[in-house]
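**Student:** Attaching a predicted model along with its sequence, questions to come.
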Amino acid sequence: MRYICSILIAILIALAGCGSDPADPGGHGIEEGFWMGTTATGDNISFTVTGDSVKSLQVSLIYIFPLTGYVDTITWNPDNALISNNAFSMSDSIISNPAYTLSLDGTFTPPDQVSGDVSSGGIYHPDSSTTDIINIDQSWSASH
């Protein structure tokens, strides 16, 4: 009986390790760690993959309002996002003058590639009678 219990315990320990990869605790085949890349216009994007989350995303976008020529650079740091089916999405906004919105999505090609789209808009009221609007829609890609 003691021999059978020892074999059973050994089998259970061996099975507990099956299918797990310490380098990929999220189980999705996406490499963990720091990722970096660019948007279609050359703006930098970076983030960290930890488990099943995209964390600490940072993307800087340059806004040039067409009517007034006003130029602004915003560095976005949206909240973390969960990775589901190798994809994630994030959004953020800034309520001010100018006011801005951001929507960003990405799809991973495991283990070390990701691409997606970023959309952002800005509304600027330099005075009570003028409204200047800019929209940014572009692709982005990054690697680990």
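**Tutor:** Everything's here; your move.

**Student:** Can you give me the neighbour number for T107?
**Tutor:** Per other Cβ atoms under 10 Å, the neighbour tally for T107 reads 15. Where C-beta positions appear, they are placed from N, C-alpha and C, glycine not excepted.

**Student:** Which helix or which strand is home to it?
**Tutor:** Secondary structure from DSSP states H and E places T107 in strand 99-109.

**Student:** Can you give me the neighbour number for T75?
**Tutor:** Neighbour number of T75 under other Cβ under 10 Å is 10.

**Student:** Against which helices or strands is the strand or helix carrying it packed?
**Tutor:** Take DSSP H and E as the rule and T75 turns out to sit in strand 71-76. Taking 3 or more Cβ pairs under 8 Å, 6 or more residues apart in numbering; DSSP states H and E as the contact definition, the neighbouring helices and strands of strand 71-76 are strand 53-64, strand 99-109.

**Student:** Of all those strands, which one is nearest N44?
**Tutor:** N44 sits nearest to strand 53-64 of all these, at 6.0 Å, using Cβ to Cβ.

**Student:** I'd like to check what contacts the closest one. Which residues are they?
**Tutor:** For strand 53-64, the surrounding residues in contact (Cβ atoms under 8 Å, 6 or more residues apart in numbering) are 26, 39, 41, 43-49, 70-78, 80-83, 88, 90, 98, 100, 102, 104, 106, 118, 120, 122, 134, 136, 140.

**Student:** Relative to the whole chain's centre, how far out is it?
**Tutor:** On the basis of Cα atoms, centre = their mean, to the nearest Å, strand 53-64 is displaced by 8 Å from the centre of the chain it belongs to.

**Student:** Mean confidence (pLDDT) on stretch 55-62, please.
**Tutor:** The average pLDDT within stretch 55-62 is 96.

**Student:** Show me what counts as buried in it.
**Tutor:** Of all the residues in stretch 55-62, those buried under the rule 16 or more other Cβ atoms under 10 Å are 57, 59, 61.

**Student:** burial of the residue nearest to N86 when sequence neighbours are not counted, as a residue count?
**Tutor:** In space, and not counting its chain neighbours, N86 is closest to F108: 4.4 Å by Cβ to Cβ, 6 or more residues apart in numbering. With neighbours defined by other Cβ under 10 Å, the count for F108 comes to 24.
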